[in-house]
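Chemist: fold the following and give me the result.
(chains A and B)
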Amino acid sequence: MRGIGEYGVYTIAALLAIIVGTIASNLLSVGGITPDLLLLVIVALALHKGQFPAILFGFFSGLLFDIVSTDVLGSNALVKLVAGYVAGFFWREEATIRSSIGSTRYVGVTLLCALVHNAVYSLLYTRPADIPLGEFYVKNGIAAALYTTALALLPFFYASRQQEEAL
Amino acid sequence: MQRFIEFVLRYREHIIAVLLSIIALALMSYGDVTQLGGFRALIIGGLGLAQEAVAWIPNPIALQRENQALRQINMELLQEVMVLRKAGIENEQLRRMLALRQNAMFTYRAASVVGKTTFRTRQYITLDRGSNDGIKPGMNVVTDAGLVGSVIGTSGHFAIVQTLFNRDVRVSARLASTREEGIIAWDGFEYLLLHNIPKTHTVQVGDLVVTSSLSTRYFPEIPIGTVESVVPDPSSMFYRITVRPRVEFWRLEQVFVILHTPPTEQLTLENALQEFINHRITGR
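Modeler: Below you'll find the predicted structure:
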């Protein structure tokens, strides 16, 4: 998996995340809280490829998500690029896709990015309405971040196992 | 120039992040997905088909609750029918006496909910009826319990409904008992808030809240919910009124679309006024 091929894989993963997140969001929803599958792809790409591609990828995939999800155009583009920007600070030059996802850093960075991502989104979401930001963030932002992080454990376990087998 | 290029290359991540953030904020300010026209209809059609394909996955807990709720509603309706039958006879006599014209009944189109979409806590539902069935954006969607929301987009065979649990939704409402007018908005969690009811008025827990005749988007007298709590807001002259929605959005399976759009002439005029005010404020 090199060059364009690697980006192709991330693009397919992002498209799948958008489709599943849109069509089956009700099945994934627990008490009204839904995980952010697209965020998992962006964090993986940021740890593997670096901050610059993660920002671009976050922006364009977020924009596509806005169109498909009927959310306010630009809102997910903004928060996803912020997530890519934050995750990009944890990039290591020698990173491979397995070492990126198969490390506990992936889970930790996902949690951090989800918290930041949801904080920005909550701010955008509650600002025009009469909704208390703090209360909204605790219920939806933190809970959704934990749910997303819990799902990050699946690719983490899979990649770490593959890493062990390769050694 | 060389220095500038070096600067850009050195800080390209930060520069691109700032530029794209500005683009995203501009997109948020100037448009929303509802302006995507035909492309949006294509998305709705695709989403509807996909959601219909996964709609067979059963949710037994929801079904059980739905059955219980329906039995309860059935009992209540039975009692109401008895009362209404008597009231109908009286009404007929009074109308004849006053020579009033009968109000035309709305035409309803039954639809099944084939998809429920939740983004954070913003909710939409997808119906298995679309523009081929006469459904148009702006039409009200109800159940026997009350108001669900309004249609925001259609394709040939599907329609997307924006429920009341959405930050963008404001409904002109009134207390059924006192006819006091207010605005219904989502509280961000499980309830709705009824704004603009002055503390000078009496509001009781359990009072019914219905859509108001002042609304340009919703037909009047559609039940919305019942007052759950009434707290005087110390920072204003109004109450903070929490309303429990009558419709249980998580259990929606069948709805009715009212095959009439609210009067567009009034809405057009009000939108024109709003645009004029915005134009004057921004100076654009």
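
Chemist: mind pulling up the pLDDT for the residue nearest in space to the middle of chain A?
Modeler: Most central in chain A under Cα atoms, centre = their mean is A:Leu39, positioned 0.8 Å from the mean C-alpha point. pLDDT for A:Leu39: 95.

Chemist: ditto for B:Ala26
Modeler: Note for B:Ala26: predicted pLDDT of 89.

Chemist: tell me the contacts of it?
Modeler: A:Gly74 (Cβ atoms under 8 Å, 6 or more residues apart in numbering or on different chains). Using the backbone N, CA and C atoms, a C-beta is placed for each residue, glycine as well.

Chemist: low pLDDT regions in the stretch 151-284 of chain B?
Modeler: Residues of the stretch 151-284 of chain B that meet the criterion pLDDT under 70 lie in B:263-267, B:270-271, B:273-274, B:276-284.

Chemist: residues of it that sit close to chain A?
Modeler: B:152-153, B:160, B:167-168, B:185-189, B:193, B:195, B:250 (Cβ under 8 Å from any Cβ of the partner chain).

Chemist: tell me which entries of the residues you listed lie within strands.
Modeler: Applying DSSP state E to these, the entries found in strands are B:Ile152, B:Gly153, B:Ile160, B:Ala185, B:Trp186, B:Leu193, B:His195.

Chemist: quick check: the farthest pair among the residues of the stretch 151-284 of chain B next to chain A?
Modeler: Across these, the longest distance by Cβ to Cβ is 27.4 Å; it joins B:Gly153 and B:His195.

Chemist: for the two, indicate the residue with more neighbours.
Modeler: Shown here are B:Gly153 and B:His195; by other Cβ atoms under 10 Å in any protein chain shown, B:Gly153 has more neighbours (26 against 18).

Chemist: quickly note the distance from the more buried one to B:Ile258.
Modeler: The span separating B:Gly153 from B:Ile258 equals 17 Å under the rule Cβ to Cβ, to the nearest Å.

Chemist: ditto for B:Gly88
Modeler: Separation of B:Gly88 from B:Ile258 (Cβ to Cβ): 21 Å.

Chemist: who's more crowded, the two?
Modeler: Applying other Cβ under 10 Å to B:Gly88 and B:Ile258 shows that B:Ile258 carries more neighbours, namely 20 against 11.

Chemist: need the contact list for that one.
Modeler: B:Ile258 neighbours (Cβ under 8 Å, 6+ apart): B:Phe106, B:Thr107, B:Tyr108, B:Met139, B:Asn140, B:Val141, B:Val142, B:Phe219.

Chemist: am I right that the fourth one is in contact with B:Phe219?
Modeler: No - using Cβ atoms under 8 Å, B:Met139 and B:Phe219 do not qualify as a contacting pair, with a distance of 9.8 Å.
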